[in-house]
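Visitor: How does the following fold in three dimensions:
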Amino acid sequence: MSYRSLKRLFGETSLERKCRFLLGSSLIILISGSFYWYSQRNLIVIEEQYRQRAQLLISQNLQTTHWLQLQSTANDPGMTDLIKTLAKDLKPQDERKSAWKFLSAQPDQAAAEDRPSEESENEALRLLKKGEPYFVYKDPDDKEEPTYQYFEPIRAGQSCLECHGESKPDATANRASIAERKLLNFKEGDLMAVAKLTFPLSDTQEEIARNNALLITLALVTGFLAMTVSYLIVRYIIVKPVLHLKEVSDAVAHGDLDLRADIRTGDEFEELSHAYNRMLRHLVTTQDELRTVNSSLDGKVDQLARANLSLHEMNKLKNDFLATMSHELRTPLNSILGFSDVLSGAEGLNDRQKKYVANIQTSGRHLLTLINDILDLAKIEAGKMELHPSEFAVADLVERMAGAMAPLAEKKNIELTTHVDQSLPIATQDAGKLQQILYNLLSNAVKFTPDGGRVKVLALPHDGGKMDLVVADTGIGIPLEDQTVVFQKFRQGRALPGQEDGAMTREFEGTGLGLSIVKELSRLLGGEVILESEFGKGSTFTVRVPLQLESTFGSVESDSSTLPLELRRVRMASMGVTLEKSDPRE
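Guide: You can find the predicted model right below:
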């Protein structure tokens, strides 16, 4: 049997089939082995009984032979006939079929009837002369009348020497006459003759065959009864409770939680059913609790969704307000800046008036910058920021922005250096957005770098057709706990000592929108911004964008893309637009 067959038989069949096969095989092997051993033991007992019967008959026949010989020398024919009759009648009925023969140890000097005439007799003489205690020979079973032949040596003893030997000069006349017929050269222990006794085996073989047939019948009946009992035990004591538990499990799996296991066997299966029922009751209780919690959670989620939607609408209103107000404020501010420029060129102004006009121009330009930042952020959040890709040299962009920032760096005695990798190809990007990103990063670097510091601008190639615009400074740096919030709107500077709400200081002028705009513009251009900083040792900002702006990176609505799907659908529905499944953001 192959390994696959054994695996299928023992590992891929039902429990009932496994138990039946294993128990049945074990019982057949045990019963067959025990009955075979019992039959062999019976044969050994029969062999031993045959040998003992042969020994007793040989002793009887030897004794009868001596009596007959003594009576014949005494010339008493009546006694001789009586001894023969008694020897024949006193034998058991089944022993009367036995044949007696006396073999001389010296066949060359013996009479013809005492010489060996069969191969078994020669073999017996040869072995018994070597010292064997006895010899057994059985005819083959296919012989018409198989026989059992037993040979036993007759060795010279003291009584034998007195009767047959010449060591006693005063022996009686009868014994002397007997001795005259035998050889007189034996010593004590010598082999004088061999007694042969032959039994017919036909009756015994018939009894053995009947006994074996009975044993086989009993073995088959016992095996059948044992397999039947084992089948009933496996079927109704082991498999039936397991199948009942399986049926209950299948029903529970299909949603019938009211069904319970009902096993009343008084054993471990009943305890298992009780444990199974306890587990089902606990499962039902847990499901009820979960259903209650889920209902409560659904209500809270619905409230949270409404609150998020309300916050989103409020944020949209805020963005619209900022965009509108920024636009409305920029119009009168341009007029103020224009008239201040006219006043600065007018004649007849004294120094004090010129100073006032210069203050108006400085404050107006600063306010215009703040309004432009707010307007840009509002456009990005509203998804109205448009991209204008064009081909340009990155080195020209970096040099132009460094030159624009050089006067501010010189005022603080800051060393401003640039480095552009020569392997950078011509980029196809939105140069205006990249210029705005570099401007915000450079202005922050100069703003937060103390006098005598260093600011470096790098443009390096990156894997995957991207480039890195790096702005590194030796400024005050950003604490690790603040690095996650500096890109948020209106966040700036370091946390105040002892403040727990995370509010940022206003140690430096500005709205705190620069890094937020950098992050949104980088994402709009299909890139990202990476910050590496250590407080007190400076900061390094890396803007990683693709060299070729893909069409997928168009005008996107950044805030709405981060909303949950249901909130986006509600919002789009309120705007009169249906969000289909094919939307790539789903």
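Visitor: Show me the protein divided up by domain.
Guide: According to automatic domain parsing, the chain comprises the domains 1-96+204-254, 98-200, 260-386, 387-554.
Visitor: Helix or strand for Thr417, just tell me which one.
Guide: Here Thr417 sits within strand 415-420, counting by DSSP states H and E.
Visitor: And that strand, what's buried?
Guide: The neighbour-count check on strand 415-420 (16 or more other C-beta atoms under 10 Å) flags Leu416, Val420 as buried. Just so you know, the C-beta spots here come from the backbone N, C-alpha and C atoms, and that holds for glycine as well.
Visitor: which residues sit against it?
Guide: 394-395, 398-399, 402, 405-406, 409, 446, 453-459 (C-beta atoms under 8 Å, 6 or more residues apart in numbering).
Visitor: next one: stretch 529-544
Guide: By C-beta under 8 Å, 6+ apart, stretch 529-544 touches 437, 441, 445, 448-449, 453, 462, 466-480, 483, 486-487, 515, 518-519, 522, 527-528.
Visitor: let's see it at 6 Å
Guide: 437, 441, 466, 468-475, 477-479, 483, 518-519, 522, 527-528 (C-beta atoms under 6 Å, 6 or more residues apart in numbering).
Visitor: returning to what we had before: comparing the domains of the chain, which stretch has the densest surroundings?
Guide: Ranked by mean neighbour count under mean count of other C-beta atoms under 10 Å, the domains of the chain are led by domain 387-554, which reaches a mean of 17.
Visitor: Okay, now the sheet partners of the strand holding Thr417, with direction.
Guide: The strands beside strand 415-420 in its sheet (DSSP bridges) come out as strand 454-462 (parallel).
Visitor: returning to what we had before: so which of the contacts of strand 415-420 is the closest to Asp114?
Guide: Leu458 (131.1 Å; C-beta to C-beta).
Visitor: Once you drop chain neighbours, what's closest to the closest one?
Guide: With sequence-adjacent residues excluded and distances taken as C-beta to C-beta, 6 or more residues apart in numbering, Leu458 is closest to Val470, at 4.0 Å.
Visitor: next one: His462
Guide: Here the residue nearest His462, using C-beta to C-beta, 6+ apart, is Asp468, at 5.1 Å.
Visitor: For the one you found, list each beta-bridge partner.
Guide: Beta-bridge partners of Asp468, as defined by DSSP bridges: Leu460, Arg544.
Visitor: Now do it, the pLDDT please.
Guide: Here, the pLDDT recorded for Asp468 equals 94.
Visitor: mind listing what it touches?
Guide: Leu460, His462, Thr542, Arg544.
Visitor: Out of those, which one has the lowest pLDDT?
Guide: His462 (90).
Visitor: Distance check, that one against Ala99.
Guide: Distance from His462 to Ala99, counting by C-beta to C-beta, to the nearest Å: 117 Å.
Visitor: wait, isn't Ala110 in contact with Ser104?
Guide: Yes. Taking C-beta atoms under 6 Å as the definition, Ala110 is a contact partner of Ser104 at 3.3 Å.
Visitor: Could you measure from Val545 over to Asp421?
Guide: The value you get for Val545 to Asp421, if C-beta to C-beta is used, is 15 Å.
Visitor: before we move on, what about Glu328?
Guide: Glu328 is 45 Å from Asp421, by C-beta to C-beta.
Visitor: and Gln353, which of the three is it?
Guide: Three-state assignment for Gln353 (DSSP: H, G, I helix; E, B strand; the rest coil): helix.
Visitor: can you tell me which residues contact the residue nearest to Pro389 when sequence neighbours are not counted?
Guide: In space, Pro389 comes closest to Leu549 once its chain neighbours are excluded; the distance is 4.4 Å by C-beta to C-beta, 6+ apart. Shown in contact with Leu549 (C-beta under 6 Å, 6+ apart): Pro389, Thr428, Gln429.
Visitor: And Leu549, its phi and psi?
Guide: With angles defined as degrees, to the nearest 10, Leu549 sits at phi -70, psi 120.
Visitor: Just the pLDDT for it.
Guide: Looking at Leu549, the pLDDT reads 85.
Visitor: any idea how far Phe392 is from it?
Guide: For Leu549, the distance to Phe392 equals 12 Å [C-beta to C-beta].
Visitor: just Lys196 next, same as before
Guide: Applying C-beta to C-beta to Lys196 and Phe392 gives a distance of 130 Å.
Visitor: And Val457, by the same measure?
Guide: Distance from Val457 to Phe392, by C-beta to C-beta: 16 Å.
Visitor: So, low pLDDT: which residues of the stretch 351-500 of the chain?
Guide: The stretch 351-500 of the chain contains residues with pLDDT under 70 at 382, 490-500.
Visitor: where exactly do the helices run in it?
Guide: Secondary structure of the stretch 351-500 of the chain (DSSP state H, counting those that start in this stretch): helices at 351-381, 394-411, 431-447.
Visitor: Arg281 is nearest to which of the ones you listed?
Guide: Once the helices of the stretch 351-500 of the chain are compared by C-beta to C-beta, helix 351-381 is nearest, at 54.4 Å.
Visitor: how distant is that closest one from the center of its chain?
Guide: The chain centre lies 70 Å from the centre of helix 351-381; the measure is C-alpha atoms, centre = their mean, to the nearest Å.
Visitor: repeat for stretch 372-382
Guide: 56 Å.
Visitor: Repeat that for stretch 437-447.
Guide: Using C-alpha atoms, centre = their mean, the offset of stretch 437-447 from its chain centre is 57 Å.
Visitor: ok, residues contacting that stretch?
Guide: 401, 405, 408-409, 414, 455, 471, 473, 508, 514, 518, 521, 541, 543.
Visitor: Could you check which helix or strand contains Ile336?
Guide: Going by DSSP H and E, Ile336 is in helix 268-344.
Visitor: What of Val252?
Guide: Assigned by DSSP H and E, Val252 falls in helix 240-253.
Visitor: again, but for Ser533
Guide: Per DSSP H and E, the secondary structure element for Ser533 is strand 528-534.
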